[in-house]
Structures are given as C-alpha cells and as structure tokens.
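Colleague: After the sequence you'll find the predicted model.
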Amino acid sequence: MSNMSPEQVKTLVNDLHLNTTDLTPQAVAFALQAGVRLSGFLAYELALIVANTVAKAVLGRGLSLAANATITRAVSLFAGPAGWILTGLWTAFDIAGPAYRVTIPAVIQIAFLRLKMKYALPGQAAPLPAR
C-alpha cells in the first residue's frame, strides 16, 4: 500500500466499505485487519480484489466468475478447520527445523538468565525465582 497513490487508497477504502477518514497506509491496514477479524465476508472480498488485480496486471483482464467462485471456496477452506490443521502442521515442521533446534534452547537460556538477574540482590548471586 505504500506504493499506491492516494486516489488508489481512497478507491480501495470505498470499495471495501471501510469506515476510516485517515487514508494513511497504516490506518487503512489497521482497518483491513479489523474488518477481516470482525467480518468474514471482507476476507473473501479482499481475496477477490487482490486476485483480480493481479490477473489484470498479468493477463490484461480480470478473472471469470468461475475463477472467482473457486477462489472464494479456497479461501473458505483455508479459513476453517482444514486451514487450522494445515497451519499447525506447518508450524510443527518449522519448529522441528534445524534453525529452531538452536534458536529455541537459546531463547530459553536467555529467559532463564534474565529471570536470574531480575531476582538477584545487590552483591549476591542471583537466586532462582520461587514457584
């Protein structure tokens, strides 16, 4: 959105019926996020707008009604339980990856050291926090 002209941002706000008067990219992004969380239909509408815009840029024309219906069904599939399962599996795969095998123990060690420093008395070794 930072590359969009003010007229394009205003058109996007009007097309999505967002109730915002501040047309900065941050305000519009916040309004979009709030709209998607509050209204499931805005997610479908936004997906179709993005898909049609990309199709116009690549193909020179918008998508057909059948393509729009397929996109809507795909979004609904990934927004429901199937999407939750896919996201969970993807997250588990990422956590099991080689980068996280080093990162997670390092983060735990840093958290331990911070807690130890937080509960240390001046001039004494830091005790472990009570449970």
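Modeller: Thanks, I have it.

Colleague: Where does pLDDT dip in the protein?
Modeller: Across the chain, the ranges flagged by pLDDT under 70 are 1-2, 19-20, 22, 32, 35-42, 76-80, 83, 121-131.

Colleague: any chance you could map the helices in it?
Modeller: 6-15, 25-38, 40-59, 65-79, 81-95, 98-118 (DSSP state H).

Colleague: Quick check, central residue of this structure?
Modeller: With distances taken as Cα atoms, centre = their mean, Q33 lies nearest the centre of the chain, 8.6 Å away.

Colleague: Contact partners for it?
Modeller: By Cβ atoms under 8 Å, 6 or more residues apart in numbering, the contact set of Q33 is empty. For glycine as for every other residue, the C-beta is placed from the backbone atoms N, C-alpha and C.

Colleague: any idea how far A43 is from it?
Modeller: Applying Cβ to Cβ, to the nearest Å, the value for Q33 to A43 is 11 Å.
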